[in-house]
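Give the three-dimensional model of this entry:
(chains A, B, C and D)
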There are 2 protein chains.
Amino acid sequence: MAPKDTRARIVHAAMELFWLKGFNSTSIADLLSRTQLNSGSLYHFFPSKQDVLVGVLEAYRDGIEEMLLKPAWEGVDDPIERIFALLALYRRLIVETDCTYGCPIGSLALELHEPDPQVRDLLAANFVGWTNAIVRQLEAAGARLPRALDHEGLAQFVLTTMEGGVMQARTHREVAYFDRAVAMLRTHFQMLEASAKVVA
Amino acid sequence: MAPKDTRARIVHAAMELFWLKGFNSTSIADLLSRTQLNSGSLYHFFPSKQDVLVGVLEAYRDGIEEMLLKPAWEGVDDPIERIFALLALYRRLIVETDCTYGCPIGSLALELHEPDPQVRDLLAANFVGWTNAIVRQLEAAGARLPRALDHEGLAQFVLTTMEGGVMQARTHREVAYFDRAVAMLRTHFQMLEASAKVVA
DNA sequence: CCCCCTCTTGGTTGATCATTCAATCAAGAG
DNA sequence: CTCTTGATTGAATGATCAACCAAGAGGGGG
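The predicted structure follows:
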């Protein structure tokens, strides 16, 4: 097995374990049994558990386009619908996990109370990658939205809606909480589009 | 010292520690050194660490009115302004903690990946207590908002905004992310009020 | 053939974890 | 004075944790 494969296998396993159990509750032993490696091998590629986390966050950051956006936007061209298609993908994840789904980045962002700068920057970079994708859609929507609209702010608001909706759906174990958050955001966009028409 | 005091002291210390470091990262030893108790004393009142968590969540649930709403709404009568006054209180907490603030309930909700039913119900009860307070304000706003408005849904959306805003402000270490979320919600309310006027 | 480097093996270290327990204490009841 | 109760003490337990390390396997180039 090529070394790169081993590294990638560790990251892949860690992505799943951190998502399932969180960072602190995932032990090195968990990681070893999942990857069928010995501790020395793992520590050969990653000097510490923290470095595994860094690898995971880099993988998420670099995979946004391929792993998240591309599947979500399959067959969806309308920019505003793409935003809701992305939210629909999260809905699917919530349903598939019986409402135990948590956004891997959001969960880590709240779990790590004293993250070192590198980790914090990577968490932020993940959020920025996500919101930037939304900003592009808002720009593509052009005149359908008000001229003076704060694209960045609205994009962050979409992320806020997703994270808050996921958190509540998970806590109550009901998708309805996520659905209501999305419905409110839908109303928001409809009102924005309406106000853009009036001005035009 | 009366026994009730010791129990309350443990809960009080645990509230702060869980908020600062999270549940898993707070050790019994942390709790003991903070309360100046011996392990036996703690285990006399709480059979397990989990039971301390239950005590903490009950304290939050029972303290919403006195500890959260009352201070936030001091001198604010307008129902819609009360909603934003509550958000302003969270803003204050964010600033006071140099943008490390995390909602204690939200953080626990995302940190605990396999909470037993009792804990999960208490987390949900805390969210419900919060949103119910918002629902009351929305009802008090009466005709200023659209007749067909989903009060529960909008109240949950306010919570969503708070939680998402807190998460992003904390991750980026900038209040501006919280401010933008609130600004978006403000726009939302303004558009709702405008549409209520048109119909009337 | 040997040297060198990458990678693997798996036992080991010492710290920290939640929890337990027998013993002790103070204070009140009868 | 005796007995009971509730609270407290603090050492001890065994599990689990992240991390370390000496020894060796495997392979490619000289």
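
residues from chain A in reach of DNA strand C?
Contacts of chain A with DNA strand C, taken as CB under 7 Å from any atom of the strand, map to A:Met1, A:Pro3, A:Thr6, A:Leu37, A:Asn38, A:Ser39, A:Gly40, A:Ser41, A:Tyr43, A:His44, A:Phe45. Bear in mind the C-beta positions are built from the backbone N, C-alpha and C, glycine included.

Of those residues, select the buried ones using a PyMOL command.
Applied in PyMOL, the following selects the buried portion of the residues of chain A next to DNA strand C according to 16 or more other CB atoms under 10 Å in any protein chain shown:
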select buried, chain A and resi 6+37+45
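
Please report the distance of A:Ile83 from A:Leu185.
Here A:Ile83 is placed at a distance of 8 Å from A:Leu185 (CB to CB, to the nearest Å).

Next, show the common contact partners of those two.
Common contact partners of A:Ile83 and A:Leu185 (CB atoms under 8 Å, 6 or more residues apart in numbering or on different chains): A:Val158.

What about the residues of chain A next to DNA strand C, which are in helices?
A:Pro3, A:Thr6, A:Ser39, A:Gly40, A:Ser41, A:Tyr43, A:His44, A:Phe45 (DSSP state H).

Among these, which pair sits farthest apart?
Farthest pair in these (CB to CB) is A:Pro3 and A:Ser39. Separation: 16.9 Å.

quick one, helices of chain A?
Under DSSP H, chain A gives helices at A:3-21, A:28-35, A:39-45, A:49-63, A:70-72, A:79-96, A:104-111, A:117-141, A:151-172, A:176-199.

out of these, which comes closest to B:Ala125?
If you check each of the helices of chain A against B:Ala125 by CB to CB, helix A:151-172 wins as the nearest, at 9.9 Å.

what about that closest one, distance to the chain center?
10 Å (CA atoms, centre = their mean, to the nearest Å).

Which elements pack onto that helix?
Under the contact definition 3 or more CB pairs under 8 Å, 6 or more residues apart in numbering or on different chains; DSSP states H and E, helix A:151-172 sits against helix A:79-96, helix A:104-111, helix A:117-141, helix A:176-199, helix B:104-111, helix B:117-141, helix B:151-172, helix B:176-199.

for chain A, what are the low-confidence residue spans?
Across chain A, the ranges flagged by pLDDT under 70 are A:1-4, A:199-200.

domains for chain A, by residue range?
What automatic domain parsing lists as the domains of chain A is A:1-47, A:61-199.

Could you dump those into CSV with distance to B:Arg180 added?
Output for these, formatted as CSV (distance: least, CB to CB, whole Å):
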stretch, distance to B:Arg180
domain A:1-47, 27
domain A:61-199, 4
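
looking at these, which is buried most?
Highest mean neighbour count among those (mean count of other CB atoms under 10 Å in any protein chain shown): domain A:61-199, with a mean of 19.

what about that domain and DNA strand D, any contact?
No - Domain A:61-199 lies apart from DNA strand D when judged by CB under 7 Å from any atom of the strand; the minimum separation is 11.8 Å.

Identify the residues contacting A:Val182.
A:Val182 makes contact with A:Phe84, A:Leu87, A:Arg91, A:Thr161, A:Gly165 under the criterion CB under 8 Å, 6+ apart.

In contact with the closest residue to the third one other than its chain neighbours, which residues are there?
Setting aside the residues directly before and after it, A:Arg91 is nearest to A:Phe178 in space (CB to CB, 6 or more residues apart in numbering or on different chains), at 6.0 Å. Contact analysis of A:Phe178 by CB under 8 Å, 6+ apart lists A:Tyr90, A:Arg91, A:Ile94, A:Gly165, A:Val166, A:Gln168, A:Ala169.

what's the closest of the residues you listed to DNA strand D?
A:Val166 (25.3 Å; CB to the nearest atom of the strand).

didn't that closest one look like it was pressed against A:Cys99?
No - using CB atoms under 8 Å, A:Val166 is not in contact with A:Cys99, being 9.6 Å away.

on that earlier part again, out of the helices of chain A, which comes closest to B:Met67?
Distance to B:Met67, taken as CB to CB, is lowest for helix A:151-172 among those, at 20.3 Å.

and that closest one, C-alpha only, in CSV?
Written as CSV, here are the backbone C-alpha positions of helix A:151-172 (Å, rounded to 0.1, in the frame of the first residue of the first chain):
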residue,chain,number,x,y,z
HIS,A,151,-24.3,39.5,-0.4
GLU,A,152,-21.7,38.4,2.2
GLY,A,153,-24.1,39.0,5.0
LEU,A,154,-26.9,37.1,3.3
ALA,A,155,-24.6,34.2,2.5
GLN,A,156,-23.6,34.0,6.1
PHE,A,157,-27.2,34.2,7.0
VAL,A,158,-27.9,31.1,4.9
LEU,A,159,-25.1,29.3,6.8
THR,A,160,-26.6,30.5,10.0
THR,A,161,-29.9,29.1,9.0
MET,A,162,-28.4,25.7,8.1
GLU,A,163,-26.4,25.5,11.3
GLY,A,164,-29.2,26.6,13.5
GLY,A,165,-31.7,24.4,11.8
VAL,A,166,-29.4,21.4,12.0
MET,A,167,-28.8,22.0,15.7
GLN,A,168,-32.5,22.2,16.6
ALA,A,169,-33.5,19.3,14.4
ARG,A,170,-30.8,17.2,16.1
THR,A,171,-31.8,18.3,19.6
HIS,A,172,-35.5,17.7,19.1
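
Please see if stretch A:128-142 touches chain B.
No - on the criterion CB under 8 Å from any CB of the partner chain, stretch A:128-142 is out of touch with chain B, staying 8.5 Å away.

which outside residues touch that stretch?
A:61, A:64, A:68-69, A:79-80, A:82-83, A:86, A:105, A:145, A:149, A:151-152, A:154-156, A:158-159.

How far off centre is that stretch?
15 Å.
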